[in-house]
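In: got a predicted model here, sequence first, then my questions.
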Amino acid sequence: MTLTLHLYRRVMRRGRLIALLALSSVPALVFWLTGLDPGGDLDSMYSDIVATAGFSFAIAVLILTVATLREERDAGTLPYLYMRPISRLSMAASSLLAGIGAALTLAFGGWMMTLLAVLAVGADPSVAFAGLAQFVATAIGYAALFVPLGYLVPRSILVGLGYIIVVESILANVVTGLAQISIWRIALSVYADITPAWSAQDAGDVLGPVAAGVGGGVVKIAAVLLLGLGVLTWALRSRDAL
């Protein structure tokens, strides 16, 4: 727990947090501006905007979580953590918990802004409450992927952006296998199952081959988390701390 809190505090610097909360709030801003137009179905509009403009939140999570161990490594302080009597599995778990905690902070901040936007334009608050599930699932899934990435890859932000933009946004639309393991679509599948704003057809248009369902989404996110834990544990055991 001590290591988790240390890593969490290190990445959650005030300037970085404010900037990334602003980036996470882009869907709320877009929805508020769109909702100023009295025409249109606001509930459906909320779902469509969160499903598209919400990629700004994914980028914010990337920037924050890759720094979890990368900053320790760049500062030359990681070897001191290695000297502590702690197993690599425990170190990996603590690092992932710190990254997930930081990502969830952004998730709640970004979601609260969407809730305020919903209340400001007079939409049904239930759509925003369903949106919390998507923010949380997205935060956990991407943190499990990007914390190990930040440790393993020097230019991890560029690699992560390539994954989000090329794999998640483009290739997953045309390759069924990639769509099934797309963290963004997995998170949306959880949201699509509980939101009152999307019909089955609407959800299908966005998710493609991924089936909507809370259970399936949670299982997939858990699998990503276990995979991230395994990769990070292996990396901490086999790679030089410097």
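Out: All right, it came through fine.

In: helix or strand right after the lowest-mean-pLDDT helix or strand in the chain?
Out: Every helix and strand in the chain was compared by mean pLDDT, DSSP states H and E; the lowest is helix 78-82, with a mean of 61. Using DSSP states H and E, the helix or strand that directly follows helix 78-82 along the chain is helix 88-121.

In: which helices and strands does the helix or strand following that next one pack with?
Out: For helix 88-121, the following helix or strand on the C-terminal side (DSSP H and E) is helix 125-152. If contacts are counted by 3 or more CB pairs under 8 Å, 6 or more residues apart in numbering; DSSP states H and E, helix 125-152 sits against helix 42-52, helix 55-65, helix 67-75, helix 88-121, helix 156-162, helix 183-194, helix 214-238. To be clear about C-beta, it is placed using only N, CA and C from the backbone, and glycine gets the same treatment.

In: the longest one versus helix 42-52: what angle between them?
Out: With axes from the mean of the first three to the mean of the last three CA atoms, to 10 degrees as the criterion, the two stretches helix 88-121 and helix 42-52 enclose an angle of 150 degrees.

In: so where's the protein uncertain?
Out: Scanning the chain for pLDDT under 70 picks out 38-40, 74-85, 200-203, 239-242.

In: and the residue positioned nearest the centre of the chain, how far is that from Gly15?
Out: The residue lying closest to the centre of the chain (CA atoms, centre = their mean) is Ala139, at 2.9 Å. Distance, Ala139 to Gly15, by CB to CB, to the nearest Å: 21 Å.

In: what's the answer for Trp234, then?
Out: Trp234 is 34 Å from Gly15, by CB to CB.
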